[in-house]
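In: Let me see the structure of the following:
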Amino acid sequence: MTPREVAGWAAAFVLAVGLLLGLTFVIQGHDFFLYKLFAPQYEAVRRDTFEQSKAYNQGMVQELQAMRYDYVKASPEHKAALRDLILHRAADYPPDRMPADLRGFISELKEGTR
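Out: This is a model prediction of the structure:
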């Protein structure tokens, strides 16, 4: 092989590697763009699915009922802290998914009658 042929092959190799790197960069950028575009919607659907699950709803009701039990047993100075904690946990949970007695308890806490 002549030095000119070697230089031609080297140039072709460098060009091929450059094209491959450029193509990889375009694909990665496209992948990132798609992730940036669709990830928030994907996570929102995943969150909604989780909040609709039986395990989440039963767990939330059980936790709020346990907190109500702790509130009833607590001393007066601990009730204020427990009240704030219970109201914070129940704030994002729909009242129509709670049993009537728990819904009434949360309502009384909000009104300050308990």
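
In: Can you list the neighbours in contact with the helix or strand hosting residue 83?
Out: Taking DSSP states H and E as the criterion, the element that holds residue 83 is helix 76-90. When contacts are defined by CB atoms under 8 Å, 6 or more residues apart in numbering, helix 76-90 is touched by residues 60, 63-64, 67-68, 70-71, 74, 98, 106, 109-110, 114. From N, CA and C alone the C-beta is placed, and that goes for glycine too.

In: Now restrict these to buried residues only.
Out: For those, a burial check counting by 16 or more other CB atoms under 10 Å picks out 60, 64, 67-68, 71, 98, 106, 109.

In: Which of those residues fall in helices?
Out: In helices, judged by DSSP state H, the following of these are found: 60, 64, 67-68, 71, 106, 109.

In: Can you read off the pLDDT for residue 86?
Out: Looking at residue 86, its pLDDT stands at 95.

In: Now do it against residue 74, distance only.
Out: Applying CB to CB, to the nearest Å, the value for residue 86 to residue 74 is 11 Å.

In: Next: residue 14.
Out: Using CB to CB, residue 14 is found at 75 Å from residue 74.

In: Please apply the same query to residue 113.
Out: According to CB to CB, residue 113 stands 17 Å off from residue 74.

In: What of residue 49?
Out: Taking CB to CB, one finds residue 49 at 36 Å from residue 74.

In: could you give the angle of the strand or helix carrying residue 57 to helix 76-90?
Out: Here residue 57, judged by DSSP H and E, is contained in helix 54-73. Helix 54-73 runs at 160 degrees relative to helix 76-90, counting by axes from the mean of the first three to the mean of the last three CA atoms, to 10 degrees.
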